[in-house]
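In: Please find the sequence and the predicted model below.
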Amino acid sequence: MTSCALCNAEGASAFAVSPREDSVPLCPVCRAGAEDGPQEGPHWRCLNEAIWSPEPAVQVLAWRLLKALPEAPWAREALEIAWLEPEVLAWAEAGGAAHGEDAIVHVDCNGTVLASGDTVTLIKDLPVKGAGFTAKRGTAVRKIALVPDNANHLEGKVEGQRIVILCQFVKKA
């Protein structure tokens, strides 16, 4: 019998991790969470270990499930300390929620994946239309928000005004 890649329970079967379709063995409980979103409960504490797996597909699935548990303080803490290679993180974000919805990935001028709440720095002077000022190169924009339907746009406050900035003109701080 095969054991689950997340919780080590017996009776696991292959589960494809979109969009790359690498597969990992999952038990029925973990499969249900991956397909329909996890429900808060003690079972999901296994994700604290799974996020550190050497297998990228397991890391991606654990990251997505932790992200789908926003009310659980332990899940937020696990995500804060977890580190994924940039391409693995892009894969995790590209799959969207735990149950495989497609999501848009925002990247800075260096190809680094951006997330809501990040701090970015402007790499060139940008005239702000309608506001009458220029956002200067080197300005730090804190707590950005990603535009959900456009991978090229993010939002942030510069000089007290909320503006839309093209991702190609920022680098992650």
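Out: Happy to help now that I have it.

In: use CA for all of it now, contacts and neighbours both
Out: Noted.

In: the domain parsing of this structure - what is it?
Out: Domain ranges of the chain: 13-94, 120-172, per automatic domain parsing.

In: Just say which of those is most tucked in.
Out: Most buried of the domains of the chain, by mean neighbour count (mean count of other CA atoms under 10 Å): domain 13-94, with a mean of 18.

In: what about that domain, how long is it end to end?
Out: Its first and final residues considered, domain 13-94 spans 23 Å by CA to CA, to the nearest Å.

In: Just list the residues touching Asn152, thanks.
Out: Counting by CA atoms under 8 Å, 6 or more residues apart in numbering, Asn152 touches 106-107, 166-168.

In: Return the subset of those residues lying in strands.
Out: Filtering the contacts of Asn152 for membership in strands, criterion DSSP state E, returns Leu166.

In: Next, Leu47: phi, psi?
Out: Dihedral angles phi and psi of Leu47 (degrees, to the nearest 10) take the values phi -70, psi -20.

In: right, and it touches Leu6 too?
Out: Yes: assessed by CA atoms under 8 Å, Leu47 is found in contact with Leu6 at 6.4 Å.

In: Please enumerate the shared neighbours of these two.
Out: Residues touching both Leu47 and Leu6 (CA under 8 Å, 6+ apart) are Ala62.

In: May I have the beta-bridge partners of Ala145?
Out: Beta bridges link Ala145 to Glu155 when assigned by DSSP bridges.

In: measure it to His43 for me?
Out: Ala145 is 32 Å from His43, by CA to CA.

In: Can you tell me the element the residue nearest the centre of the chain falls in?
Out: With distances taken as CA atoms, centre = their mean, the chain has Glu93 as the residue nearest its mean C-alpha position (4.3 Å). Following DSSP states H and E, one finds Glu93 within helix 86-94.

In: ok so, going back, mean pLDDT lowest where, among the domains of the chain?
Out: The minimum mean pLDDT among the domains of the chain belongs to domain 13-94 (a mean of 88).
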